[in-house]
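Novice: What would the 3D arrangement of this be:
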Amino acid sequence: MAEHYKVRALEVDDTFQMWSPYKMQRVFEFMIRNNMNTLVFHENNIVDKIVWPGFIYGYEKDDLRSYSIYREKLYKEIYYRTPSPYVFIDELMIFRDLMKTILGQAKELGLDIYLQPKEIWFPELLYERQDLMKNGKMCPSEPWWWETFLPKKYEELLQNFPEITGIVTSTGTKESRISLAHQKCQCDKCKAMKMEDWQHKVIMSIYTPLKAHGKKLVIRDFSYYADEQNGIRAGLLNLPDDIIISIKNVPQDYYQTFPHNKLIGHVGKHEQWIEYETMGEYYGWGLAPVSMLNDIQYRMKYCLENGADGISTRIDWEALPNHSTFETPNQLNLYAIAQLGLNVDLPLQDIYCKWLVEDHLLKEGINPNEFKDCLDFVKGIFEKTWPVMSKTPHLLGAVFMNNSKIPVSIDNADFISQEHHGIHKWFPEYKELFNYDDKHAQGMLNEKEEAYREIIELNKQWHSRNPGLKDEVYHTYCGLFDIFELFVKMFRLVGKSYVYIKYLQLHGKNPTLMSREGLIGEIKKLIGEMKTVEQELKDHKAPVQFKYQFLAMMNPERLRVYYEDVEAVLATLI
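Specialist: Numbering: from 1, shown residues only. Modelled structure (predicted):
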C-alpha cells in the first residue's frame with residue numbers, strides 16, 4: 001500500500017467562484033498551505049465557453065489560436081449565423097482571457113490544472129445540422145462526433161490553453177448535452193450501438209489530441225445505474241493504460257450512507273483517483289454543521305489499500321452559487337481531505353486543531369489550557385453530527401431527499417428514494433427496505449425520533465457556553481446549530497408521514513404496525529405539526545450570510561406543498 005495519495009486535488013464547480021480571480025485567491029492559498037497539488041475546474045460546458053470551435057464556422061487553417069480564427073471574418077459568421085444572443089458568442093474571447101488569467105495564477109504556484117467538461121457538449125449552432133438531427137433529437141451515434149467534432153474541438157483548446165495538465169470528463173451521464181446514456185434518439189444507429197463501444201469512441205477522440213500534446217485524460221465513473229457502470233468497467237479493458245480513472249467513493253453520487261463503490265480497486269493498470277464531496281450537498285450544505293472526519297478517514301484508508309493514487313474533493317456545487325466549504329464549518333472536512341491525503345493515519349484531533357488555528361476561529365490571547373478545552377469541546381460535539389445527519393434525510397441508509405431538500409410529494413419521495421437515488425440499484429440487498437413491512441417501517445420511524453432527540457441535546461450543549469472561539473464565530477455557529485435542529489425537526493415530520501403513508505398504501509388492509517385508525521390518526525397529527533413548522537420556517541432568522549441558502553434548503557413553500565400532497569393522498573386511502 002502507498003504511504004500517501006500522490007495526487008491531492010481540489011475541485012471547483014461554482015461558476016461564481018471559478019471565474020473570479022479574487023475568490024480563487026483563497027482557494028490557491030489554502031492549497032499551498034495544505035500541500036495540495038492539483039486543481040480541477042468543473043463546468044459541463046467549460047470547453048465550449050472558451051473555444052469556438054472555428055471549423056463549424058468554416059475555418060480550416062492549422063493556426064487555431066482564438067484571435068486568428070476571429071480575424072478570418074468569423075466575427076461576421078457569428079453575427080449572421082449564431083442562434084444565441086450575438087454578444088455572448090462574440091465575446092467568447094473575454095471568457096478565454098479570464099480563464100487564461102486564472103490558469104496563469106495557478107501555474108505560477110506549481111499546481112496541475114484540469115478542466116472537467118461533460119461530453120458530448122456542443123454549440124447550439126449544430127442543431128441546424130439536419131444530418132445530426134433525427135426525429136427531432138440530436139443523434140449521439142453519428143461518427144462525425146468522434147471522427148471530426150471532438151478531435152478538432154480539443155485540438156483548438158490545446159493550442160489556446162497549453163497551461164492545462166489535462167482533461168477530466170464523463171460520458172455516461174445524463175448531464176451532458178447528448179449521450180447514448182440519455183436514450184433519447186431511437187434511430188437504428190443508436191439502437192445498435194453498445195454503450196461501451198460508444199464510450200470508447202468518444203473517449204479515444206479526446207485522448208488522441210491530448211496525447212499528441214503531452215496532456216493527460218481522466219475518465220470519471222459517473223453513471224446512474226449499475227449496468228451503465230458495468231459498461232464503463234468493460235470499456236476500461238480496451239483503453240490505453242495511461243488514461244486515469246476517477247471514481248466516486250460511493251456509486252452514482254456523494255451518498256455517504258452507501259457502501260463503497262465496487263469499481264474501486266478494479267481498474268486494471270490504470271491510475272486511480274477517488275472523489276469525495278466536502279461542501280455537504282447531501283448532508284445539509286454546511287448550514288447544518290457536519291463533521292465527516294471519521295467517514296473520510298475510513299474511506300480514504302480503504303481506497304488507498306485498494307490501489308488509489310489520487311484523492312479529489314469538491315468544495316461547492318454548481319446548483320448553489322456563491323456558497324462553498326469556505327463559508328461554513330464544513331471547511332473542517334476540506335482540511336481532512338488535504339491532511340489525510342498526506343498521512344491517512346493522522347490523528348483526527350490534529351485536523352480539528354489545524355482548522356481552528358489556520359481559519360482564525362479562536363479568540364485572541366487564548367492560553368494553552370483554554371485551547372485544549374476549546375478543542376475538546378468542539379471535537380466532542382462535531383463528532384456526533386454525522387450520526388444525527390445519517391438518520392435525518394435518509395431511510396435506513398436510503399436517500400430520502402433532493403440534495404438536502406425535502407421531497408415535494410409522496411410520488412416525488414418514491415422517485416427520489418427508489419429511482420433517482422435508489423440504493424438498491426447498486427446494492428440489491430437493500431430492495432427489501434421499500435416493502436415498508438413492520439420491521440423496516442418501525443426502524444425508519446425510530447431513527448427519526450433518535451435523530452431529533454440527539455440534535456436537541458447537541459444544540460443545547462453548543463449553546464451552553466463559548467469554549468474559546470471568537471464571539472462572532474461562536475454566535476454564527478449557534479445560528480447554524482439552530483438551523484440543524486430545525487432541519488432535523490422538519491425531516492422527522494416529513495419522513496414519518498411518508499413512512500406511514502407507504503405503510504397504509506402497501507399494508508393498509510391488514511396492518512400490524514398499529515391499527516388502521518391509529519395510522520390515520522398519526523398522519524393527521526403529523527400534518528398539523530408540519531403546519532406549525534411551516535410557520536417556524538417563515539419566522540426563523542438565519543445568520544445574514546446564509547439567508548438565501550436557508551430559504552433554498554428549507555423553504556416553507558416546499559413544506560406546504562408536501563403536506564398538502566399528504567392530505568390529498570391520505571384522502572384516497574380513507
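Novice: Contacts only, for residue 534.
Specialist: By C-beta atoms under 8 Å, 6 or more residues apart in numbering, the contact list for residue 534 reads 556, 559, 560, 563. From N, CA and C alone the C-beta is placed, and that goes for glycine too.
Novice: my read: the last one touches residue 531, true?
Specialist: Yes. With contacts defined as C-beta atoms under 8 Å, residue 563 counts as touching residue 531 at a distance of 6.7 Å.
Novice: Those two: which is more packed in?
Specialist: residue 563 (20 against 13; other C-beta atoms under 10 Å).
Novice: Spell out the secondary structure type for that one.
Specialist: Three-state assignment for residue 563 (DSSP: H, G, I helix; E, B strand; the rest coil): helix.
Novice: Now do the nearest residue to residue 99 once chain neighbours are set aside against residue 551, distance only.
Specialist: Residue nearest to residue 99 in three dimensions, not counting chain neighbours: residue 50, with 5.4 Å by C-beta to C-beta, 6 or more residues apart in numbering. Note on residue 50: its distance to residue 551, by C-beta to C-beta, to the nearest Å, is 33 Å.
Novice: Of those two, which one has the most company?
Specialist: Between residue 50 and residue 551, counting by other C-beta under 10 Å, residue 50 is the more crowded of the two (22 against 15).
Novice: And residue 517, which helix or strand is it part of?
Specialist: In the assignment (DSSP states H and E), residue 517 maps to helix 516-539.
Novice: cool, residue 17 as well?
Specialist: Judged by DSSP H and E, residue 17 forms part of helix 15-18.
Novice: ok, how many other residues are close to residue 128?
Specialist: 11.
Novice: What of residue 77?
Specialist: 20.
Novice: which residues does it contact?
Specialist: For residue 77, the contact set (C-beta under 8 Å, 6+ apart) comprises 57, 58.
Novice: May I ask which of the contacts of residue 534 has the most neighbours?
Specialist: Neighbour max across the contacts of residue 534 (other C-beta under 10 Å) = residue 559, 23 neighbours.
Novice: That one contacts residue 537, correct?
Specialist: Yes. The criterion here is C-beta under 8 Å, and residue 559 meets it with residue 537 at 6.5 Å.
Novice: Spit out the residues that contact these two alike.
Specialist: With C-beta under 8 Å, 6+ apart as the test, residue 559 and residue 537 both reach residue 490.
Novice: Find me the pLDDT at the spatially closest residue to residue 466 that is not a sequence neighbour, would you?
Specialist: Computed as C-beta to C-beta, 6+ apart, the closest residue to residue 466 that is not its neighbour in sequence is residue 474, at 4.3 Å. Here, the pLDDT recorded for residue 474 equals 98.
Novice: Tally up the residues packed near residue 474, please.
Specialist: If you count neighbours by other C-beta under 10 Å, residue 474 ends up with 17.
Novice: How much space separates the residue nearest to residue 99 from residue 97?
Specialist: For residue 50 relative to residue 97 (C-beta to C-beta), the value is 9 Å.
Novice: Which of the contacts of residue 534 fall within helices?
Specialist: Secondary structure defined by DSSP state H assigns 556, 559, 560, 563 of these to helices.
Novice: Once you drop chain neighbours, what's closest to the second one?
Specialist: For residue 559, the nearest residue in space outside its immediate sequence neighbours is residue 534; the separation is 5.0 Å by C-beta to C-beta, 6+ apart.
Novice: Find the least confident helix or strand in the chain, judged by mean pLDDT.
Specialist: helix 86-90 (a mean of 63; mean pLDDT, DSSP states H and E).
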